[in-house]
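>>> Sequence and predicted structure, then a few things I'm wondering about:
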Amino acid sequence: MSNAIFISARTQSTRLPNKAIIKIKNKYAIEHLISRLKYSKEAKLIILCTTNLKEDDVLCEIAEKNNINYFRGSVKDKLERWNGAAKEYSISHFVTADGDDLFCEPTFIDRAFNQFKEDNVDFIQATNIIAGTFSYAIKTDALKKVCEIKDSDDTEFMWVYFTETNLFKVAELNKIPKRFYRNDIRMTLDYKEDLLFFKSVMNLIDLNKYISLDKILKIIDKNPSLKNINIFKQNDFLKNQKQKITLKIKK
């Protein structure tokens, strides 16, 4: 059993169509994320978790091209997709990375894996950390339990099954410096304004090597107009999430 990073991605998207395969600096958007995640020291595997739809063949081709694994599963049910990937690759713990979080921070991922070693927790979240730099870390045994009790296949916003059922030990990602807890920067690709943000920032960094989140933030803070490109979309994003969250448990 080993640690893995699960990249959740599919080409089907409504607000920004085909966002995973939009080209930025001569690479697909998702390839920038894959390259960044490879700097994790604790993850043994990176697995792209996508759907069985024909349109997502391109994502599997990208995974192969970038020398990472992939798993194909349910279109709607992200939890079952992860569960299938965990079984196929014998994963004990995993950190999720949304395919649109192009600056997801590998040192945060490694911190989560180390936290699993230190504490007996099932689910790690990072409330109020910069949007798009960390998602969730999950113990596979907890995921299996959730898949047994959930009564819906619409699990896009799945964290409530871990945080609101009182069945699991939930923790905040620890030992993260306070400078990374900011609400004035948005680093996720969901709207055309987010695309402009990433293009603008990437024009100022060397994409051929790992650039720490600290360095990215210094660049943004030296060019504060970058923040204004898309931060106003965060409220729309959160409102959309809130409207779609569901929690359905079997009786």
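All right, it came through fine.
>>> switch to C-alpha atoms for all contacts and neighbour counts from now on
Noted.
>>> Give me the phi and psi angles of Thr140.
Per-residue torsions, Thr140: phi -60, psi -40 (degrees, to the nearest 10).
>>> Hmm, it is touching Ser90, no?
No. With contact defined as CA atoms under 8 Å, Thr140 does not count as touching Ser90 (9.5 Å).
>>> So which of those two has more stuff around it?
Thr140 (21 against 14; other CA atoms under 10 Å).
>>> so what's the more buried one up against?
Neighbouring residues of Thr140 by CA atoms under 8 Å, 6 or more residues apart in numbering: Asn83, Ala86, Ile91, Ser92, His93, Phe94.
>>> got it, and Ser212?
Ser212 neighbours (CA under 8 Å, 6+ apart): Glu105.
>>> Give me the number of neighbouring residues for Val95.
Val95 has 25 nearby residues by other CA under 10 Å.
>>> For the helix or strand harbouring it, give me every contacting residue.
Element membership of Val95 [criterion: DSSP states H and E] is strand 91-98. Applying CA under 8 Å, 6+ apart, the contact partners of strand 91-98 are 1-9, 85-86, 104, 109, 112-113, 134-141.
>>> can you list the residues that contact the helix or strand containing Lys218?
For Lys218, the element it lies in under DSSP H and E is helix 213-222. With CA under 8 Å, 6+ apart as the test, helix 213-222 has contacts from Phe103, Glu105, Val201, Leu204, Ile205, Leu226, Lys227.
>>> Tell me the buried residues within these.
Phe103, Glu105, Val201, Leu226, Lys227 (16 or more other CA atoms under 10 Å).
>>> Throw those residues into a markdown table and include distance to Asp77, thanks.
A markdown table is the format used below for the buried ones among the contacts of helix 213-222 (distance: CA to CA, whole Å):
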| residue | distance to Asp77 |
| --- | --- |
| Phe103 | 25 |
| Glu105 | 25 |
| Val201 | 33 |
| Leu226 | 35 |
| Lys227 | 33 |
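>>> For the residues you listed, work out which two are farthest apart.
Greatest spatial distance in the buried ones among the contacts of helix 213-222: Glu105 and Leu226, 19.1 Å, computed using CA to CA.
>>> So which residues of the stretch 151-251 of the chain form helices?
160-163, 192-202, 213-222, 225-228, 234-244 (DSSP state H, counting those that start in this stretch).
>>> Adding distance to Tyr28, write the contacts of helix 213-222 out as CSV.
Listed next are the contacts of helix 213-222 as CSV, based on distance: CA to CA, whole Å:
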residue, distance to Tyr28
Phe103, 14
Glu105, 18
Val201, 16
Leu204, 18
Ile205, 17
Leu226, 21
Lys227, 23
